[in-house]
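just the structure for this:
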Amino acid sequence: MDFDALKAQFASGYKHTETEKLKGIISSQLTQMLRLNKSRMNYLDKFQQMIDEYNAGSRNVEIFFADLVEFAQELNIEDKRAISENLAEEELAIFDLLTKPDITLTEKEKLEIKKVAKELLSTLKQEKLVLDWRRRQQTKAAVKVAIEDILDRLPDSYSTEAYQRKCQEVYQHVYECYSEAGRSIYTTAA
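Predicted coordinates:
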């Protein structure tokens with residue numbers, strides 16, 4: 001997104017039109033980002049709050065546009081976070097599920113979790129996510145057991161309750177995002 005061009009268009013006079021265009025672009029980008037990684041919900045909440053405040057009249061169009069530009073820049077940084085974390089987008093989704101919210105970790109523990117996320121996806125894709133895996137109880141159970149076994153390698157900073165919650169969250173994510181062998185929201189998004 002060329003922010004300087006956006007600001008120039010905005011300054012040329014059609015402020016409400018340019019604001020609506022930018023809002024639409026952000027909405028589209030945010031929808032795609034959330035589809036790939038549901039832990040980004042805080043961005044949707046922030047975006048909705050900005051829109052609500054603007055609609056309520058507590059922000060004029062200039063302030064709203066400036067806030068949208070700043071928010072779009074935040075989204076661009078988040079969109080590139082997988083690269084900066086040295087993870088694929090689908091690995092980042094698992095990593096975020098395992099580390100958010102409110103789990104305090106050292107850098108060493110974060111590296112361990114990245115390895116766990118990569119290993120989990122690799123194992124699931126190669127061995128467990130077979131054709132129609134979601135339709136048979138046996139294959140669903142095999143996926144669940146694989147998740148529990150691999151997540152058992154999480155650092156000791158995870159309590160038993162946190163481990164169980166993370167196993168359930170990761171299983172739910174895998175169930176929703178990986179329809180069968182070789183097919184997922186990540187393969188159709190690429």
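
the bottom helix or strand of this protein by mean pLDDT?
Least confident helix or strand, the chain: helix 185-189 with a mean of 72, by mean pLDDT, DSSP states H and E.

so what's the residue nearest the centre of the chain closest to, chain neighbours aside?
The residue lying closest to the centre of the chain (Cα atoms, centre = their mean) is residue 37, at 2.2 Å. Closest residue to residue 37 apart from its sequence neighbours, by Cβ to Cβ, 6 or more residues apart in numbering: residue 93 at 4.3 Å. Where you see a C-beta, it was placed from the backbone N, CA and C, and this is true even at glycine.

for the protein, just list every one of the helices.
3-11, 15-36, 41-55, 61-79, 81-84, 89-99, 107-123, 137-151, 160-177, 185-189 (DSSP state H).

what's the least confident stretch among those helices?
Here the lowest mean pLDDT among the helices of the chain goes to helix 185-189, at a mean of 72.

just how off-centre is stretch 141-157 within its chain?
Counting by Cα atoms, centre = their mean, to the nearest Å, stretch 141-157 is centred 21 Å from the centre of its parent chain.

again with stretch 53-60
How far stretch 53-60 lies from its chain's middle: 28 Å, per Cα atoms, centre = their mean.

okay, how far is it across it, tip to tip?
10 Å (Cα to Cα, to the nearest Å).

can you pull the buried residues of that stretch?
For stretch 53-60, the neighbour count (16 or more other Cβ atoms under 10 Å) marks 54, 59 as buried.
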